[in-house]
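> quick one: sequence plus predicted model below, questions after.
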Amino acid sequence: MKKSHMTRSATAALVMTVVGLAAAQPLPQGELHRDAATRNVGGDPFMTQYARAFYCNLPDDNNQIVIASRAWNNTTGTGPSAIYRIPLTQIFDDVWFIGNHYVGQYLIKTPDGFVEVDSGNTAGEMQTFNYPALLSLGLSPSYPLKAVFLTHGHADHDGGAKWLLDNTGARSYIGSADAAGKSYAPITIDSTNLAMRQMSIGGKTFWVLPTPGHTPGSTSAVLEVKDWGRTVRVLMNGGQSMTNSIPQVAQYLDSIERTYVMATVLNVEGVMTPHIYWDGEGAKLDEINATGRTNPGQHVYGHENVLRQLAVARECSASWLTKLDTTAVLPVWRFNTLEFVGGNPTPTKVAAKLTNGWGPLANQKVTFSVGKSGPACTAMTNSQGVASCAVHPLRPHKDELTASFAGSQNTEFVDLAAETTAQVCSNGNCKDK
């Protein structure tokens, strides 16, 4: 019987073919989105340590970091965990934080009274910490606590509501889907209406958005605060943790996507999350207490970073959903950035580069415009992601140029919109004025 054999070169070629085929196999959906969450961080070590790690704790099989964080919850201010309580801390001109490194509340001053976000774990916590804090900030019959906005109905967020309302005369607001059985008779926010809308809570304007998934009645919101005199819009996420329920995680994913739209439309720049460890606010509060408020304040992350964090959260939730439901196929969200080439634009060089965690984006349309309604032109990005345009006339140190990418979508990717604005300079660095 004749033996079959292969030459060494033929064997090597076969091995390379097999390796190539293996490499060409697509990642499972869960891993694809988990990888996208990492790429969307953009190399930011702070976001990697906090938002990426906590939002992806379940797909990373690392829920221990959340479990460990619960040990920081201290409602008495005594005992071994008392170190985790944070003193009353001013974070904006008109906003103070009080709580611990696990969960806290925000005290907001308005022209004629206070509004509080969440009401802690217990009546004792409100009586021991929050009520004295309000008194120290000016609580009185003529300057009362007018309302409490409850992000959702879990006990670590509304456990002190009844005591607080009974002892101050304030009203509470909560998503209608979390309102059943609550002893403090809250005013409800319709959880079935998923549209963003404005409402007055204690005389303070909130843009509210029902965001079910963490609980059925979770409600996120945006509000305006003052940071060293400047008006800033900040996001309050209605709830972070996901469950193991496929329908609930699908709701959570949808809620994150709608929150991204809200933050985009309202040009949100800051974050006020009751669970402050989730996005690193706890570290920022420690910094404020150690060295004072910066300008801009520590809770002003910047619009791009707020959106980037939400894009990371979206991919983490997509990863968890597609791990639970292996039949689900979802496009990957890619967070994009636009940067002017060589620093600032000049009268003779208008070029911007479009990139993301996967590299440069080619064959995408970028629009350049001056001011709100000035001259505009469009150009397609080349293989390096660079779009160049001729915009005339441009005046150094007077005109601002905006480059914008409207976003695009196919079956595999949703490439998120991006924009950048810079002053026109004569040599590209604006130090030549």
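Right, received. Where do you want to start? Numbering: from 1, shown residues only.

> which element, helix or strand, includes the residue lying closest to Pro345 once chain neighbours are set aside?
Leaving out its chain neighbours, the residue that sits closest to Pro345 by C-beta to C-beta, 6 or more residues apart in numbering is Leu401, at 4.7 Å. Bear in mind the C-beta positions are built from the backbone N, C-alpha and C, glycine included. Element membership of Leu401 [criterion: DSSP states H and E] is strand 400-405.

> again, but for Ala318
helix 303-324.

> distance from the following helix or strand past that helix to the middle of the chain?
Later in the chain than helix 303-324, the nearest helix or strand by DSSP H and E is strand 332-334. On the basis of C-alpha atoms, centre = their mean, to the nearest Å, the separation between the geometric centre of strand 332-334 and that of its chain is 15 Å.

> direction included, what does strand 332-334 pair against?
In the sheet, strand 332-334 lines up against strand 413-415 (parallel) (DSSP bridges).

> hey, where'd the helices end up in the chain?
Using DSSP state H, the helices found in the chain span residues 8-24, 29-40, 45-47, 53-55, 64-70, 123-125, 131-136, 155-158, 161-168, 246-265, 281-291, 303-324.

> quick one: buried residues of the fourth one?
Right, helix 53-55. 53-55 (16 or more other C-beta atoms under 10 Å).

> same for that helix, what does it pack against?
If you count contacts as 3 or more C-beta pairs under 8 Å, 6 or more residues apart in numbering; DSSP states H and E, helix 53-55 packs onto helix 64-70, helix 303-324.

> mind putting those in TSV, distance to Asn267 included?
What follows is those, written out as TSV (distance: least, C-beta to C-beta, whole Å):
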stretch	distance to Asn267
helix 64-70	30
helix 303-324	6
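
> most tightly surrounded among those?
Most buried of the helices and strands packed on helix 53-55, by mean neighbour count (mean count of other C-beta atoms under 10 Å): helix 303-324, with a mean of 24.

> dig out what the residue nearest to Pro345 forms beta bridges with.
Counting by DSSP bridges, the residues bridging with Leu401 are Val370, Ala422.

> that one: what's it in contact with?
For Leu401, the contacting residues are 340, 345, 350, 368-370, 391, 394, 421-424, by C-beta atoms under 8 Å, 6 or more residues apart in numbering.

> quick one on the thing from earlier: would a markdown table of the helices of the chain with distance to Leu330 and mean pLDDT be doable?
Listed next are the helices of the chain as a markdown table, based on distance: least, C-beta to C-beta, whole Å; pLDDT from 0 to 100:
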| stretch | distance to Leu330 | mean pLDDT |
| --- | --- | --- |
| helix 8-24 | 21 | 43 |
| helix 29-40 | 7 | 97 |
| helix 45-47 | 22 | 97 |
| helix 53-55 | 16 | 98 |
| helix 64-70 | 24 | 95 |
| helix 123-125 | 40 | 97 |
| helix 131-136 | 44 | 98 |
| helix 155-158 | 30 | 98 |
| helix 161-168 | 37 | 97 |
| helix 246-265 | 8 | 98 |
| helix 281-291 | 29 | 98 |
| helix 303-324 | 5 | 98 |
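
> among these, which comes closest to Phe92?
For Phe92, the closest of these is helix 281-291, at 10.7 Å, according to C-beta to C-beta.

> give me the contact list for the closest one.
46, 50, 86-87, 89-91, 97, 101, 271-273, 276, 298-299.

> pull out the buried positions in that helix.
281-282, 284-285, 288.

> likewise stretch 321-336?
So, applying 16+ other C-beta under 10 Å, buried residues of stretch 321-336: 321-325, 328, 330, 332-336.

> out of those residues, which comes closest to Thr231?
Using C-beta to C-beta, these come closest to Thr231 at Phe335, 25.9 Å.

> got a pLDDT number for that closest one?
Looking at Phe335, its pLDDT reads 98.

> output the below-cut-off pLDDT ranges for the stretch 301-433 of the chain.
Across the stretch 301-433 of the chain, the ranges flagged by pLDDT under 70 are 372-373, 428, 431-433.

> how about 80 then?
372-375, 392, 427-433 (pLDDT under 80).

> and Arg230, what are its bridge partners?
Beta-bridge partners, per DSSP bridges, of Arg230: Asp227.

> list the contacts of Thr188.
173-176, 179.

> how near is it to Tyr173?
From Thr188 over to Tyr173 the distance is 8 Å, taken as C-beta to C-beta, to the nearest Å.

> ok, now Thr264?
25 Å.

> which one of those two has more residues nearby?
Higher neighbour count among Thr264 and Tyr173: Tyr173, with 21 against 16, using other C-beta atoms under 10 Å.

> which residues touch that one?
Counting by C-beta under 8 Å, 6+ apart, Tyr173 touches 147-150, 186-189, 201.

> now, of the residues you listed, which are buried?
Buried members of the contacts of Tyr173, scored by 16+ other C-beta under 10 Å, are 147-150, 186, 188-189, 201.

> in strands only, show me the residues you listed.
147-149, 188-189, 201 (DSSP state E).

> okay if I get those as JSON lines plus pLDDT and distance to Leu223?
Output for those, formatted as JSON lines (pLDDT from 0 to 100; distance: C-beta to C-beta, whole Å):
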{"residue": "Ala147", "pLDDT": "98", "distance to Leu223": "12"}
{"residue": "Val148", "pLDDT": "98", "distance to Leu223": "14"}
{"residue": "Phe149", "pLDDT": "98", "distance to Leu223": "9"}
{"residue": "Thr188", "pLDDT": "98", "distance to Leu223": "19"}
{"residue": "Ile189", "pLDDT": "98", "distance to Leu223": "14"}
{"residue": "Ile201", "pLDDT": "98", "distance to Leu223": "9"}
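
> okay, those in a markdown table with distance to Thr168 next?
Shown next, in a markdown table, are those (distance: C-beta to C-beta, whole Å):
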| residue | distance to Thr168 |
| --- | --- |
| Ala147 | 10 |
| Val148 | 9 |
| Phe149 | 14 |
| Thr188 | 20 |
| Ile189 | 20 |
| Ile201 | 15 |
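
> ok, back up a step: so how far is the strand holding Leu401 from its chain's centroid?
23 Å.

> please renumber the chain so that the first residue is 274 from this point on.
Renumbered: residue one is now 274, and that last one reads strand 673-678.
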